[in-house]
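1. Predicted model, plus sequence, below.
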Amino acid sequence: MPNEYGGYQYWFENEDLSVDLYVEEPEPDDGFFGQVPAMLMARSRSETENWEMAEKLYERLVRLGRYRVVAFADNGMPIDANFDIGDDW
């Protein structure tokens, strides 16, 4: 479904988890956000901790070798990436 920013939002939820995916058109001049025009937010609704689920998703996406992936802490600080994000984030 289109969102107010010109991108799209998708979501899925069941009794175990809730997932939101936000996708925008890439903007190459926008640092690593231009290289990673999608944001995936997953929240556990089961006994699995959010960080455990996020770690598994990150590892699986990186293993595919097709995506540039950045993981952020709750405070917005990047904590891992499979490419050089530089210092100007």
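-> Right, received. Where do you want to start? Numbers count the residues shown, from 1 in each chain.
2. for the record, mean pLDDT for the longest helix along the chain?
-> The longest helix of the chain (DSSP state H) is helix 50-64. Here helix 50-64 scores 87 as its mean pLDDT.
3. Work out the sheet partners of the helix or strand just after that helix and label each with its direction, please.
-> Per DSSP states H and E, helix 50-64 leads on to strand 70-72 as the next helix or strand towards the C-terminus. Strand 70-72 has these partner strands in its sheet, going by DSSP bridges: strand 78-81 (antiparallel).
4. and the partner strand, which residues are buried?
-> By neighbour count on 16 or more other C-beta atoms under 10 Å, the buried set for strand 78-81 is Ala81. The way it works is simple: take the backbone N, C-alpha and C, and place the C-beta from them, glycine included.
5. ok so, going back, CA atoms only for the longest helix of the chain - export them in PDB, please.
-> In PDB, the C-alpha atoms belonging to helix 50-64 read as follows (Å, rounded to 0.1, in the frame of the first residue of the first chain):
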ATOM      1  CA  ASN A  50      13.300  -9.200  19.300                       C
ATOM      2  CA  TRP A  51      17.100  -9.100  19.100                       C
ATOM      3  CA  GLU A  52      17.300 -12.900  18.500                       C
ATOM      4  CA  MET A  53      14.800 -12.600  15.600                       C
ATOM      5  CA  ALA A  54      16.500  -9.600  14.200                       C
ATOM      6  CA  GLU A  55      19.900 -11.300  14.300                       C
ATOM      7  CA  LYS A  56      18.600 -14.300  12.400                       C
ATOM      8  CA  LEU A  57      16.900 -12.100   9.800                       C
ATOM      9  CA  TYR A  58      20.200 -10.100   9.300                       C
ATOM     10  CA  GLU A  59      22.300 -13.200   8.900                       C
ATOM     11  CA  ARG A  60      19.900 -14.800   6.400                       C
ATOM     12  CA  LEU A  61      19.700 -11.600   4.300                       C
ATOM     13  CA  VAL A  62      23.500 -11.100   4.300                       C
ATOM     14  CA  ARG A  63      24.000 -14.800   3.400                       C
ATOM     15  CA  LEU A  64      21.900 -14.400   0.300                       C
END
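6. If anything else comes up later, I'll come back, but that's it for now.
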